[in-house]
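S.K.: I'll drop the sequence and a predicted model, then ask my questions.
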Amino acid sequence: MIRSVGPVLKDAWHLAKPYFASEEKWSAWLLLGSIVGLTLLMVGMDVVFNFWNRAFYNSLQNKDWKAFVELLFLYRHTSTGYMPGFCELAAVYIVVAVYATYLNQWLQIRWRRWLTRHFLDDWLSDRAYYRISLTKGAAGTGTDNPDQRIQEDLRNYTSDTLALGMGLLSNVVTLVSFFGILWTLSGPMHLLGISIPGYMVWVALIYASAGTWFTHLVGRPLAMLNFMQQRYEADFRFSLVRLRENAEGVALYGGESGERTATRQRFASVVENWWAIMQRTKLLNSLIYGYQQVAIVFPIIVVAPRYFSGQLELGGLTQTVGAFSHVQNAMSWFVTSYASLAAYSATIERLGTFHRAILAARAAAVESGIAIESTASRALALNDVTLAIPDGQQLLSHESLTFPPGEWSAISGRSGSGKSTLFRAIAGIWPFGSGRIERPAGTYLFLPQRPYIPLGTLRHAVAYPARDDAFTDAAVKQALRDVGLEHLIPRLDEEDNWTQMLSGGEQQRLAVARALLARPAWLLLDEATASLDPEAESEVYRVMKQKLADTTVISIAHGPGVARFHRRQLALRRAPGEIGHIVEAEHVE
């Protein structure tokens, strides 16, 4: 159901306020002011058209050809003053309406650009994107499908905020503008001996209030249904993206049947929720369309007695009906906008929870239990470090360990013992645990088992995370030769989906080429050559020994082929479900 107005407006305001106080505030307020001004001008022109209708239909009733022509093409002096011709009014109205839409779209894209940039900055800062990806269960509210929230929800938020905001403003001003007109035109009504002044105003109020109440009663489940529809659509889209990105793995496993079943199940949720939206929308539309159709003849029926009694001319009738329609439509804004308000409430809910999740993740990163400190010492040291996983289970407890500069160290251990988690802690991205890690000055590079290959050219992928032009063309080509990827040199400036184009071994070779280019002071390899055969793995390590002579290397490795390149041998010993500890290799039985 639609949340109460207070929380929705509070979240909407918190999302809007930063932009209108930002470095773009002057252009933002200028555009917003222009849109508001044009919206008010359109309302003012509706008032003019209301009086024009009266004069025009009176000319028809009186068969006044001169007045008819003047009111169409020129201008005419009436009892209410000079009245412009229809052509002039229409031309001005078209220009105003066109530029109101144009400036609205201009503000939308500027606002969305600013919000997207800042949401991305907040999401990527302090590795909030990584921390919230580890969160599950109730604590993970607001963290699903961040791609949809940044792309689709921000687009809907900016467009819907302006559309609903300008619609509300227009209807409020319309109500104020036509209230007096309708009050004057409707005159009193005598009912059971009681004179009711401005009776059509009260009729419009009662009619709109009844429609609003029934609409809310019928349509309130739509907000949650829209919220869930966005989630199911995003889950379905994500499953298709995952299938595309892992096409080779699915093909090798022959997993088409399982993927088809899983994808169909996700789409079934989309369809089921959509049917629920359809049923609720059918009820809501039945009410809204019936309400709107009755509103066409309702004011005529109400004012007809005064017309047939001769108290009103045809022009007065049309003006009164027009004024009644404007007042009734303004009062019925909630009715006609209910579906949009339900969707808007869902969008605000998704963005609000996502933004709070980002802020919580960034705050938690600052207060992380594992402190990363710079040290004047040349050694990397773990002091009283405890590592845990998100559910609280400890992997290591109060471990202290030192890695001297220039020494190559290899860490072995059973799969799942916590070796990769230890590397994440040294990198400063693992939030669960306590203790202190002292890191000496210098550059650090961490190569995971599955390298990240960004979109773009091959040159961009090799240079990552540095800029494409950070290294000379000769240096990039030499790095590729050193790791056995010389066959890719002709394709350096070619854009492709390199994650799919390169084999697992080629991707790992490319990641090592990055290390050769970056020449970090500290290089940590998390089974970064595991996809290579033993001979190729040894060749890559020999190249690193030669090219990175001044680099301190810490490797996670299982095989003796890698271990023999490291002077120091360590082992992380941990039985399933127990707390592990790190020992020197000579102590391993």
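M.R.: Yes, it's here. Numbers count the residues shown, from 1 in each chain.
S.K.: quick one: residue 509 and residue 539 touch, right?
M.R.: No: using CB atoms under 8 Å as the test, residue 509 is too far from residue 539 to be in contact (9.9 Å). C-beta coordinates here come from the backbone N, C-alpha and C atoms, glycine included.
S.K.: Now the common contact residues for the two.
M.R.: residue 484 (CB atoms under 8 Å, 6 or more residues apart in numbering).
S.K.: for the stretch 1-150 of the chain, what spans make up the helices?
M.R.: Along the stretch 1-150 of the chain, the segments classed as helices by DSSP state H, counting those that start in this stretch run 5-20, 25-61, 65-73, 86-124, 128-133, 146-148.
S.K.: For the stretch 251-400 of the chain, give me the ranges with low pLDDT.
M.R.: Judged by pLDDT under 70, the stretch 251-400 of the chain has its weakly predicted residues at 252-253, 364-368.
S.K.: 50 - rerun?
M.R.: Within the stretch 251-400 of the chain, no stretch has pLDDT under 50.
S.K.: ok, which stretches of it are helices?
M.R.: Along the stretch 251-400 of the chain, the segments classed as helices by DSSP H, counting those that start in this stretch run 256-308, 314-331, 333-336, 338-366.
S.K.: Could I get those helices in JSON lines, plus columns for distance to residue 53 and mean neighbour count?
M.R.: Converted to JSON lines, the helices of the stretch 251-400 of the chain look like this (distance: least, CB to CB, whole Å; neighbours: other CB atoms under 10 Å):
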{"stretch": "helix 256-308", "distance to residue 53": "13", "mean neighbour count": "15"}
{"stretch": "helix 314-331", "distance to residue 53": "5", "mean neighbour count": "23"}
{"stretch": "helix 333-336", "distance to residue 53": "22", "mean neighbour count": "19"}
{"stretch": "helix 338-366", "distance to residue 53": "29", "mean neighbour count": "20"}
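S.K.: May I see those helices organised as JSON lines, with distance to residue 200 added?
M.R.: Conversion of the helices of the stretch 251-400 of the chain to JSON lines gives the following (distance: least, CB to CB, whole Å):
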{"stretch": "helix 256-308", "distance to residue 200": "6"}
{"stretch": "helix 314-331", "distance to residue 200": "5"}
{"stretch": "helix 333-336", "distance to residue 200": "19"}
{"stretch": "helix 338-366", "distance to residue 200": "25"}
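S.K.: To residue 551, which of those lies closest?
M.R.: When the helices of the stretch 251-400 of the chain are compared for distance to residue 551 using CB to CB, the nearest one is helix 338-366, at 27.8 Å.
S.K.: could you check the angle helix 256-308 makes with that closest one?
M.R.: Calculated by axes from the mean of the first three to the mean of the last three CA atoms, to 10 degrees, helix 338-366 forms an angle of 130 degrees with helix 256-308.
S.K.: check contacts around residue 358.
M.R.: Shown here is residue 358, whose contacts under the criterion CB under 8 Å, 6+ apart are 119, 122, 123, 128, 132.
S.K.: now do residue 395
M.R.: 387, 388, 389, 417, 418, 421, 422, 574, 579, 580.
S.K.: on that earlier part again, residue 331: which of the helices of the stretch 1-150 of the chain is closest?
M.R.: The closest approach between residue 331 and any of the helices of the stretch 1-150 of the chain, judged by CB to CB, belongs to helix 25-61 at 14.9 Å.
S.K.: So which bits of that closest one are buried?
M.R.: Within helix 25-61, the residues that qualify as buried by neighbour count (16 or more other CB atoms under 10 Å) are 28, 31-32, 34-36, 38-39, 41-43, 45-47, 49-59.
S.K.: on that earlier part again, so can I have TSV of the helices of the stretch 1-150 of the chain showing mean pLDDT and distance to residue 346?
M.R.: Written out in TSV, the entries for the helices of the stretch 1-150 of the chain read as follows (pLDDT from 0 to 100; distance: least, CB to CB, whole Å):
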stretch	mean pLDDT	distance to residue 346
helix 5-20	86	10
helix 25-61	88	24
helix 65-73	86	47
helix 86-124	91	17
helix 128-133	79	20
helix 146-148	79	12
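S.K.: who wins for proximity to residue 321 among these?
M.R.: Between residue 321 and those, the shortest separation by CB to CB is 9.0 Å, and it involves helix 25-61.
S.K.: chain center to the closest one, what's the gap?
M.R.: Offset of helix 25-61 from its chain centre (CA atoms, centre = their mean, to the nearest Å): 35 Å.
S.K.: and if you look at stretch 53-69?
M.R.: Relative to the chain's own centre, stretch 53-69 is displaced by 55 Å; criterion: CA atoms, centre = their mean.
S.K.: Quick one: residues in contact with that stretch.
M.R.: Residues lying outside stretch 53-69 but in contact with it, judged by CB under 8 Å, 6+ apart, are 71-72, 76, 78, 80, 83, 86, 313-319, 322.
S.K.: now do stretch 294-306
M.R.: Judged by CB under 8 Å, 6+ apart, the contacts made with stretch 294-306 from elsewhere in the structure are 186-187, 200, 203-204, 207, 312, 317, 320-321, 324-325, 328-329, 332.
S.K.: circling back to that earlier point, show me the one of the helices of the stretch 251-400 of the chain that comes nearest residue 524.
M.R.: When those are compared by CB to CB, helix 338-366 sits nearest residue 524, at 20.1 Å.
S.K.: okay, the angle between that closest one and helix 5-20?
M.R.: 70 degrees.
S.K.: now helix 338-366 against helix 86-124, angle please.
M.R.: Computed by the same axes, to 10 degrees, the angle between helix 338-366 and helix 86-124 is 30 degrees.
S.K.: Show the backbone phi and psi for residue 63.
M.R.: Note on residue 63: its backbone torsions stand at phi 50, psi 40 [degrees, to the nearest 10].
S.K.: Farthest-apart pair in the contacts of stretch 294-306, please.
M.R.: Largest separation among the contacts of stretch 294-306 by CB to CB: 312 and 332, giving 24.3 Å.
S.K.: Name the SS class of residue 565, please.
M.R.: Residue 565 carries the three-state label coil when classified by DSSP: H, G, I helix; E, B strand; the rest coil.
S.K.: The helices of the stretch 251-400 of the chain: which one's closest to residue 8?
M.R.: Among these, the nearest to residue 8 by CB to CB is helix 338-366 (5.4 Å).
S.K.: I'm done for today, thanks for sticking with me.
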